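>>> sequence-free structure coming up:
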């Protein structure tokens, strides 16, 4: 199974790409997925102002989604100002 | 000598024309000029909200101009709303 | 930066004016326009406005509009200001007034356009009559206009 | 009356949009437009913005703009509302955003356009980067945007 991570704004620069496809052996919770990423990226993705959207729907703060095949998880840093 | 009276807004309807040329024998103050006009028009021209402009310049409230040859006196009722 | 202030005796095209104004304002980050037009009241009815006429007093009208523009320029930092006002007889759908304000920052453009409209509506030397059911009738001042004006009498709103 | 809400991937012409919008609003007495454009900073300098890019997240961006339009329609009595927002790379002078609001009465048109801009700027899903001196840099949130938003959190402003 494969999941897709999407990085917006400055998180894209940190990740080196706007999207990342990850193969998974089985559904995994977010902390386990982050543990497989470079430490600086994982830290930035867990920043207090970063919001999450699972398959296009915003998650409430503190949600710890479990990702399965085909899921898309977007990391949304604060939007830019005027 | 001749003076010109200018009537704006609904005062024009009352006066029957937008302008009136009046021959004068000598310079006259406003009350004497108004005395020569139809009573209903004279009353309307003296309404508390009617402003006066002499030769294109607004007069302060209560001004009693004396008009001489070539003068133009405009009677300006309240302007219309939005 | 002088304002562009005009009386129009014939119909004008607001979007053409807005486009020309915008192209002259490359330093602006934000441009606000207000267009006032003679409303079409929907399916024709006896009470609808058939025509509108604006009369003015030339020695006062344009100088008054220029003074208003100067006040807006003094009050906000604008890169440009345009005021066009129709006089004469207008039909439903015709533009009556156009105000465009441009500024580096959008709040100044909004405030200046809003300010100019409130003052144009209530303090400019225009007398308006409307034709309904074939009869012309002068339009009286509105209390709302004075309320609108009072918004600007304290600090910079 | 549904709002017309669009993302534009290529340059658009605000005055053409404004004109088409206005011609579809004969029942409106007042139309307000706001155009935001990439500022030209004057004589070229090393600190000037050479280009601007807006990225977005498609599953959220347009739905969020539509929800904002619905909120404006619920809050004011409008005859029409148009929101067009660019995405992608823009150059100085290019339009970024256009909001048009039309209403029978001008104050509602002004308020709705102002409200839509405050919310578009601070709550829409756009991430902006600027190119200066050949280098791209992400633009951070601004405190001013939150102040702008707070204007709308009490009663109908």
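Thanks, I have the structure now. The shown structure was predicted, so the numbers you read here are calculated from the model rather than taken from an experiment.
>>> Now do the same contact list for the closest residue to residue A:23 other than its chain neighbours.
Using C-beta to C-beta, 6 or more residues apart in numbering or on different chains and skipping the chain neighbours, the partner closest in space to residue A:23 is residue A:2 (5.5 Å). For every residue, glycine as well, the C-beta is placed using N, CA and C. By C-beta atoms under 8 Å, 6 or more residues apart in numbering or on different chains, residue A:2 lies in contact with A:21, A:22, A:23, A:24, A:69, A:70.
>>> go on, residue C:35?
Residue C:35 sits next to C:14, C:95, C:97, C:98, D:22, D:30, D:31, D:33 when contact means C-beta under 8 Å, 6+ apart.
>>> is it in a bridge, and if so with what?
residue C:98, residue D:31 (DSSP bridges).
>>> Local confidence estimate at residue A:23?
At residue A:23, the model reports a pLDDT of 94.
>>> burial count for it?
Other residues lying near residue A:23 total 8 when counted by other C-beta atoms under 10 Å in any protein chain shown.
>>> and chain C, which of its residues are near chain D?
For chain C, the residues in contact with chain D (C-beta under 8 Å from any C-beta of the partner chain) are C:13-16, C:18-19, C:22, C:26-37, C:39-42, C:92-93, C:104, C:106-107, C:109-110, C:113-114, C:117, C:148.
>>> no wait, chain A
Contacts of chain A with chain D, taken as C-beta under 8 Å from any C-beta, map to A:6, A:8-10, A:12-13, A:18, A:53, A:55-58, A:74, A:76-82.
>>> Mind checking which of those are buried?
The neighbour-count test (16 or more other C-beta atoms under 10 Å in any protein chain shown) marks A:6, A:8-10, A:12, A:53, A:58, A:74, A:76-77, A:79-82 as buried among those.
>>> just checking, which of the residues of chain C next to chain D belong to strands?
Using DSSP state E to define strands, the subset of the residues of chain C next to chain D located there is C:30, C:31, C:32, C:33, C:34, C:35, C:36, C:37.
>>> Grab the most central residue of chain C for me.
residue C:97 (3.9 Å; C-alpha atoms, centre = their mean).
>>> How confident was the prediction at the nearest residue to that one once chain neighbours are set aside?
Leaving out its chain neighbours, the residue that sits closest to residue C:97 by C-beta to C-beta, 6+ apart is residue C:36, at 4.3 Å. pLDDT, residue C:36: 97.
>>> same deal with the one 10 residues further on?
Each residue has a pLDDT score; the one for residue C:46 is 59.
>>> next one: phi and psi at residue A:16?
phi 80, psi 0 (degrees, to the nearest 10).
>>> Name all residues that make contact with the residue nearest to the centre of chain C.
Counting by C-beta under 8 Å, 6+ apart, residue C:97 touches C:34, C:35, C:36, C:83, C:84, C:85, C:86, C:117, C:120.
>>> now the first one: how far from chain A?
Using C-beta to the nearest C-beta, to the nearest Å, one obtains 21 Å as the distance from residue C:34 to chain A.
>>> Cross-check the contact I'm expecting between that residue and residue D:30.
Yes: the pair residue C:34 / residue D:30 is scored as a contact, 6.4 Å apart, by C-beta atoms under 8 Å.
>>> Need the overlap of contacts for these two.
Common neighbours of residue C:34 and residue D:30 (C-beta under 8 Å, 6+ apart) are D:106, D:109, D:110.
>>> Now do the first one: how many residues are near it, please.
In other words, residue D:106. Counted with other C-beta under 10 Å, residues neighbouring residue D:106 total 24.
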